[in-house]
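*Asks:* kindly generate the corresponding structure for this input.
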Amino acid sequence: MGKIVVPKAPTDDFVGYEILVGFMKERALHSLEGDIVEIGAFMGGGTIKLARFARKHGRRVYAVDNFDPSSDRTEDASGVRMCDIYRALLGGRSLEEVYRETTRGFDNIITINQDSQKVRFPEEQRFIFGFIDGNHQPEYVVNDFYVIWPNLVSGGALGFHDYNHGLPQLTEAIDGLIAEHKDEIGEVSEIGDRHIILLIKR
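*Replies:* Numbers count the residues shown, from 1 in each chain. Next up is the predicted model:
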């Protein structure tokens, strides 16, 4: 991490959401009952890729973000703060305005403009897929897991970004969650070149 790459367009997602959509297709997650959720929408480039997939199957995407690029002060191994990376990528633009422009026209996106620590879904809400790429502080990583995991259906998948990618505290927090919930996890799939780890629920 540490290297700041200026996006070609706001729809760049910096993660590789095509791989996540491909994973959902390969595992036929759309055959399960539920919606999709992401924590950490940033500019919305990944959100609309999830929404396109969801729309084909009559599903919604819940996007959780406080749209405050200064709130994540996590430092990577080289000492660069996440908030500084976000500001450089935004180039002075309003994060929420960029996100709203990017996601315009998608009526199946439900945006929750809140700190994820204040978000809880009702028991009846079900998710087939979740992705966490929000605040990188360990307490947020753990919180965000518990925002999604109780509502994730059996056979559904929950992914994290930046695993084994210059944020050792984040990786340690994820490893702790995997160890703690090993009896509830049927499979762990790592996409190393994208720094993604996916947990498939039993």
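*Asks:* output the below-cut-off pLDDT ranges for the chain.
*Replies:* Applying pLDDT under 70 to the chain picks out residues 1-11.
*Asks:* all strands of it, in order?
*Replies:* 35-39, 61-65, 109-113, 127-132, 152-161, 185-191, 196-201 (DSSP state E).
*Asks:* closest to Gly92 out of those strands?
*Replies:* strand 61-65 (18.8 Å; C-beta to C-beta). C-beta here means a position set from N, CA and C on the backbone, and glycine is covered the same way.
*Asks:* in a markdown table: the strands of the chain, plus distance to Phe145.
*Replies:* Listed next are the strands of the chain as a markdown table, based on distance: least, C-beta to C-beta, whole Å:
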| stretch | distance to Phe145 |
| --- | --- |
| strand 35-39 | 9 |
| strand 61-65 | 13 |
| strand 109-113 | 17 |
| strand 127-132 | 7 |
| strand 152-161 | 7 |
| strand 185-191 | 11 |
| strand 196-201 | 9 |
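*Asks:* just put those in a markdown table and tack on mean neighbour count and distance to Glu26.
*Replies:* A markdown table is the format used below for the strands of the chain (neighbours: other C-beta atoms under 10 Å; distance: least, C-beta to C-beta, whole Å):
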| stretch | mean neighbour count | distance to Glu26 |
| --- | --- | --- |
| strand 35-39 | 26 | 15 |
| strand 61-65 | 25 | 19 |
| strand 109-113 | 17 | 23 |
| strand 127-132 | 27 | 12 |
| strand 152-161 | 21 | 11 |
| strand 185-191 | 13 | 10 |
| strand 196-201 | 21 | 11 |
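*Asks:* and Met82, how far from Asp76?
*Replies:* 7 Å (C-beta to C-beta, to the nearest Å).
*Asks:* which one of these two has more residues nearby?
*Replies:* The neighbour comparison of Met82 against Asp76 (other C-beta atoms under 10 Å) goes to Met82, with 21 against 18.
*Asks:* need the contact list for that one.
*Replies:* Contact partners of Met82, counting by C-beta atoms under 8 Å, 6 or more residues apart in numbering, are 72-76, 136.
*Asks:* which one of the residues you listed sits closest to Val21?
*Replies:* His136 (23.2 Å).
*Asks:* what about the spatially closest residue to the closest one that is not a sequence neighbour, how many neighbours?
*Replies:* Once flanking residues are discounted, His136 sits nearest to Thr74: 3.9 Å by C-beta to C-beta, 6 or more residues apart in numbering. A count of nearby residues for Thr74, using other C-beta under 10 Å, gives 19.
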